[in-house]
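Student: fold the following and give me the result.
(2 chains)
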Amino acid sequence: MDIDVQPSDDLNITPLPFSIIPSIPPPPEDYTLYRSQHTPLIIDNGSTNLRWGFATSSEPRYGPNIVAKYRERKTNHPLMLFGDAVEVESGAKTQAKTPWEGDVLLNFDALENALDYAFVQLGIDTPTVDHPVLMTERLCSPVHSRALTSELMFEQYSVPSLAYCVDGMMSFYQNNQLSEQPFVSDGLVISFNTASTSVIPILNGRGVLNNAKRIPWGASQATDYLLKLIQMKYPNFPTRVSVAQANWMFRTFCSVSTDYISLLRSFEDPSILRSHQKIIQFPFLLNSNPLTGGAAGNGDEKTEEELARITERRREQGRKLQEIAARNRIEKLQQKESDLTYLLSLRDNYSSSATKREWDRKLREEGFDDEETFEETLKKLEADVKKGRKREKEKEGGTVDGEDADEPMEEPSFPLVDIPDADLDTSSLAEKKKQKLLKAGYEARLRARKERELKAIKDREEKAEREKQRELEERLDSEARSADLEGWARKLKGEQEALMTRIKDRAKRRAAMSDRKSAAKQERMKNIANLAAADEKTLGGSGPSKKGGRGTGKGVGKGTGKGRKGNAEDMFGADDADWAIYRKINTTTTISSDEEEDLAQLQQIEQKLLTHDPTFTNQHTHASIVSQRSALLNAFRPVYEEGDGAGNTRIHLTTERWRVCEAWFAPSIAGVDSAGLGEVIQNILSRFGEEEKGRLVKNIFLSGSPSQIPDIAPRLYSTLRPLFPVEMPIEIRSANDPALDAWRGMAKFAKTEEFATVGMSKAEYEEMGGERLKRWWGSNWNGGY
Amino acid sequence: MPPKNFKRKATATDGTLSPHVATLAEQLSYLHLPRPFKNPEYTKNLNRRAKNLKNVMGQERERERAEREKKRLEKAEKDAMEVDGKEVTMENEEIPTYLSIEAPPSVLPHKHYCDITGLEAPYTDPVTGLRYHDKDVYALIKEMSASTAKEYLSARGVNSIVK
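Tutor: Below you'll find the model as predicted:
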């Protein structure tokens, strides 16, 4: 029996949040502040969010990095929407483009549009963007991306200078540079991004990028994994779960577990599993199914009423159809009668008075070839009319057994049959043959009718016999029951168990049949081999026919190729018990009649036990035992009833909450063939000397929005602690503001004097090309000079 | 100059009958806003199609290989020049590229987790290849269709094409 979720678990049910309609963005600051100031312009180009602002602002503006160019259907206005605004129009959502594809910047039209929005929001109205720009790029970004970004910035917007940096390092700078001194901090930056996670060692304020590593697992892959797990767990979910909803679930419910294995082991207990679950309620419709209703309580009454109404309607329809059919029949009958009278009158008029030729001509006018066809049609019409009349009388007169109420059929006479052949001429011979056939048919029909009557009488007698027997059995049974209830119940339970074991054995045997090497299959082959054995006694003949066998018996070739020299005949089928071998050979999995008998018997026994034995409940019946699911599976995925609208639109998240985040430490559980965070850090640190290792490990820094997943730091600590000597202190800190700190770090850096030296000027761009960049402590190395 | 959408908002709340009420989407759109900072003379090469990820990665790989070849040649030259007796300072730094910093596959032994429930999985079903936690989950697996089993496998990253 399925264990239902207790309704008191409401504490854990969270409804899906409504999507917020975006508001008009705030107006830009007055540009006059910045005009001709050459304030550095800071752009943090992230895969998910684009953050931008002037270095002197305290807060950047930001928005999701999505652009949609869309033509509104009703007014046919072309629109361009950025970020949250894309949610407003569902048509725009499908046409949304993002500049990033995972980790790589690919779509430059989208980037151009996004930057346009950013600059418009800043209120820039000069012919060029007259500010030195500091932009982020991915760690060791492909030069193609950089070339196109540089091209865009220098040629389209004509910026005076452009510098690139790595966001993780800037966030580190923001959190570690506390004074005006030059930046010489050490540390290990773990940057959690949308589509990757990077580990960057920093020594003396310079990034040691040749020892950095990147794991291709980030928040977007985690979201996709969670979505896939949910879809597999709920294949028949009524609504589609979107990626955005999966992202919300990931951000709200998922966390890293500090000790994954012991957590899993604790889940062996279903109650603990249930206490850790989170339930998300999706919107659902009440009364969506008219037959089974919606909310509990009203459901039952409604179903009965509904059912009664539906049956009434059907009966009405049936009656109406019957009436229509009757009316049609009457009409046809009347039509036939009128035809008949017309033809009769025709015959009377003409055959009596007119000559043969006129009669023929008249007939041909009517459409008959000659008199014979006319007579035939006449006779047919008469027969039809008679039948119709009779049926009408039956309908009105009530139920009459069609067979017996036959008006005594006239004995059709077959005069020619008795005359011997010799006396007849050819045409009469043909006639005689016809009459013989008719006579044989008529006699056969009489015989069949008599047999049917006899059979009916015999059946009635047999039924009475059987009834009497059954009553006798029941009386005996109830006497036995009233005498000794327990003994009777025990006997029946014994029978029930025997039947159940037999059914189970048969099921097991059937399952074993599919396995090629099982004992059952080998036994079967032995049987077949015996049957086909080229034994001297059994050779010859064409083998037993398959008429009596039950199964198809795979290729039981009865020594067809082995030579028919046998003298003895094959006596296989003579004994009836021989055919039983086919039952063993048959491998098809349809339920044989044996099983059906067993099941029927089982049902009867269970019925009796249910009604009379108080200790035998529904749970002991065969059906419930078979469909019972383990308690663990029920806690994992509770099954709701068919009509439970609310229940069927719930998602239960239990192990998925930690499984998804575990992938950061072991990406192979999600199919990504890469080392996890712990192993990567170990690899990187092994390339440094002991002293440097100590410096790095003392200042492990987590940055990026996904670093806000709860419990990452403790888990990282417990992973790293065993790898280093005990004296080495390990400290893990995370950014003060993981999402915006990169931008803030860039802004802080831009205000220093060093900033002027790190940018690539337009002249340098024109000389070197877009793939090069000026190398400094915070930038990439590839293509640097 | 304040952006145009402000003026439009003012007329919409004027109270007078405006012939065209801007929808929220139109108010949010910035297509019509002036963008003077763009260089009108710059024409993007419109024939250039946005390269997709595979092409970009392929390009990177090619470039990396070319760089390595060049480095090797340079090293060979430098070794030849050593005959002069000069001290050759090797440049130890190798330039990291997008592909070179990708993390290597894990060498730690993989822990097996149940494909269905996520708990530990000591057992594997030989027919489908799914890992399962206990006999009840096994009963569930036996009832699964081949396509469902393949979905579970693909979540783990095992994309078998056979069967």
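Student: gap between the spatially most central residue of chain B and chain A?
Tutor: The geometric centre of chain B, computed from its C-alpha atoms, lies nearest to B:Leu53 (Cα atoms, centre = their mean), at 7.9 Å. Distance of B:Leu53 to chain A, computed by Cβ to the nearest Cβ, to the nearest Å: 5 Å. All C-beta atoms are positioned from the backbone trio N, CA, C, and that covers glycine.
Student: list the buried residues of stretch A:634-647.
Tutor: Judged by neighbour count using 16 or more other Cβ atoms under 10 Å in any protein chain shown, the buried positions of stretch A:634-647 are A:634-638, A:643-647.
Student: cool, and stretch A:682-702?
Tutor: Result for stretch A:682-702 [16+ other Cβ under 10 Å]: buried residues A:683-685, A:688, A:692-697, A:699-702.
Student: show me which of those residues neighbour chain B.
Tutor: On the criterion Cβ under 8 Å from any Cβ of the partner chain, A:Asn683 are the entries of the buried residues of stretch A:682-702 that sit beside chain B.
Student: going by distance to A:Glu268, which of the buried residues of stretch A:682-702 wins?
Tutor: A:Leu702 (32.6 Å; Cβ to Cβ).
Student: what is the helix or strand that contains the closest one packed up against?
Tutor: Counting by DSSP states H and E, the element that carries A:Leu702 is strand A:700-703. Judged by 3 or more Cβ pairs under 8 Å, 6 or more residues apart in numbering or on different chains; DSSP states H and E, strand A:700-703 is in contact with helix A:167-176, strand A:187-192, helix A:712-720, strand A:732-734.
Student: pLDDT score assigned to A:Glu410?
Tutor: We have a pLDDT of 55 for A:Glu410.
Student: could you do A:Phe374 as well?
Tutor: 79.
Student: likewise the one 4 residues further on?
Tutor: The predicted structure scores A:Leu378 at 83 on the pLDDT scale.
Student: again, but for the one 5 residues further on
Tutor: We note a pLDDT of 87 for A:Ala383 in this prediction.
Student: that one belongs to a helix?
Tutor: Yes: A:Ala383: assigned to a helix according to DSSP: H, G, I helix; E, B strand; the rest coil.
Student: for it, what are its contacts?
Tutor: By Cβ atoms under 8 Å, 6 or more residues apart in numbering or on different chains, A:Ala383 lies in contact with nothing.
Student: how many other residues sit next to residue 104?
Tutor: All of this is about chain A. Residues lying near A:Val104 (other Cβ atoms under 10 Å in any protein chain shown) number 22.
Student: meant chain B actually
Tutor: Counted with other Cβ under 10 Å, residues neighbouring B:Pro104 total 12.
Student: isn't it up against A:Asp673?
Tutor: No: shown here, B:Pro104 and A:Asp673 do not form a contact pair, counting by Cβ atoms under 8 Å, at 9.3 Å.
Student: on that earlier part again, so can I have JSON lines of the buried residues of stretch A:634-647 showing distance to chain B, secondary structure and pLDDT?
Tutor: Formatted as JSON lines, the buried residues of stretch A:634-647 follow (distance: Cβ to the nearest Cβ, whole Å; DSSP: H, G, I helix; E, B strand; the rest coil; pLDDT from 0 to 100):
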{"residue": "A:Asn634", "distance to chain B": "10", "secondary structure": "helix", "pLDDT": "78"}
{"residue": "A:Ala635", "distance to chain B": "10", "secondary structure": "helix", "pLDDT": "78"}
{"residue": "A:Phe636", "distance to chain B": "5", "secondary structure": "helix", "pLDDT": "80"}
{"residue": "A:Arg637", "distance to chain B": "9", "secondary structure": "coil", "pLDDT": "79"}
{"residue": "A:Pro638", "distance to chain B": "14", "secondary structure": "coil", "pLDDT": "79"}
{"residue": "A:Gly643", "distance to chain B": "24", "secondary structure": "coil", "pLDDT": "69"}
{"residue": "A:Asp644", "distance to chain B": "22", "secondary structure": "coil", "pLDDT": "72"}
{"residue": "A:Gly645", "distance to chain B": "25", "secondary structure": "helix", "pLDDT": "73"}
{"residue": "A:Ala646", "distance to chain B": "24", "secondary structure": "helix", "pLDDT": "76"}
{"residue": "A:Gly647", "distance to chain B": "20", "secondary structure": "helix", "pLDDT": "76"}
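Student: returning to what we had before: tell me which of the helices and strands packed on strand A:700-703 approaches B:Leu140 most closely.
Tutor: helix A:712-720 (30.8 Å).
Student: quick one: residues in contact with the closest one.
Tutor: Helix A:712-720 is contacted by residues A:190, A:256-259, A:661, A:664-665, A:677-678, A:681-682, A:697, A:700, A:702, A:730, A:732-734 when judged by Cβ under 8 Å, 6+ apart.
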